[in-house]
Structure formats: structure tokens, C-alpha cells
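Participant: using only what follows, build the 3D model:
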Amino acid sequence: MPYYRKLQKIGGSSYFITLPKDWIQKNSLNKSEIISLTESATGDLIVALSKFTKNIKSANLELDKTDRDLVIRMATSAYINGCTEMTISSSDKQNLKSVEKYIQSRFPGFILRRVIISFH
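Facilitator: Numbers count the residues shown, from 1 in each chain. Predicted structure coming up:
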């Protein structure tokens with residue numbers, strides 16, 4: 001069932017839309033919960049429930065199986081939701097270092113415990 005919403009502007013540079021109340025209730029979401037927004041290859045914006053819960057303490061992310069930008073969004077979601085330890089693995093050393101540098105520069109007080117270079 002498609003939902004239609006008007007794009008609204010707040011302030012000088014931010015835009016927002018509202019989410020349907022029945023979708024919020026059906027998914028048992030509350031104020032301040034994190035949802036995921038992902039742009040598809042066709043330019044569509046996909047709204048999804050966050051893959052991380054508020055009580056998460058550790059996360060394992062495999063860079064080889066996921067797009068780098070999605071791994072960064074997942075890491076951000078984990079950090080926002082209280083993740084204190086993260087393991088990132090990849091066979092691509094350059095991509096892994098790029099994600100590691102991003103995480104260390106953006107998440108104050110967060111310690112990246114393990115970065116694994118795996119060879120398949």
C-alpha cells in the first residue's frame with residue numbers, strides 16, 4: 001500500500017516528511033527511535049526499521065558483503081544506539097582502513113576493538 005506525503009521545509013536547508021501513524025503503530029515504534037533511510041540505485045528512498053536495537057553492545061560488520069556506505073550507516077546506527085564494541089572485517093585493506101578512519105573521526109569516545117583483514 002503506497003503512502004503519499006508532501007515534502008516540507010524547516011529552517012533554511014532541511015526538509016522533512018511525516019510517517020504514517022498506522023505504520024508507526026504496526027512496527028511498535030516510539031519517539032526517538034532510529035529508522036534507516038537508504039537510497040536505491042533508481043533514486044528511491046527506502047524507509048526501514050533499524051537493524052540495531054537500543055540495548056546492543058557489540059556489532060559485527062562484514063565489508064565484503066555490504067556496500068561501504070551502508071556499513072558506515074550501520075556503524076552510525078549502532079553507535080547511536082549504544083554499541084560500545086565493533087568488529088569490522090574485509091579482504092579489501094584500503095576499504096577497511098577508510099571505514100576505520102571514518103569511525104574513529106566521527107564517534108567520540110568509541111573504541112574500535114577489532115579490525116580484521118580476511119582472505120577468502
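
Participant: all strands for the chain, in order.
Facilitator: Using DSSP state E, the strands assigned to the chain run over residues 8-10, 14-16, 35-39, 45-49, 58-62, 85-90, 114-117.

Participant: winner for burial among the ones you listed?
Facilitator: Most buried of the strands of the chain, by mean neighbour count (mean count of other CB atoms under 10 Å): strand 85-90, with a mean of 19. Every C-beta, even on glycine, is put in place using the N, C-alpha and C of the backbone.

Participant: could you give the angle of that one to strand 58-62?
Facilitator: Orientation of strand 85-90 against strand 58-62 (axes from the mean of the first three to the mean of the last three CA atoms, to 10 degrees) gives an angle of 10 degrees.

Participant: I'd like the distance from strand 85-90 to the chain centre, please.
Facilitator: Distance of strand 85-90 from the chain centroid (CA atoms, centre = their mean, to the nearest Å) equals 14 Å.

Participant: just for the protein, where's the confidence low?
Facilitator: Low-confidence segments of the chain, defined by pLDDT under 70: 51-57, 108-120.
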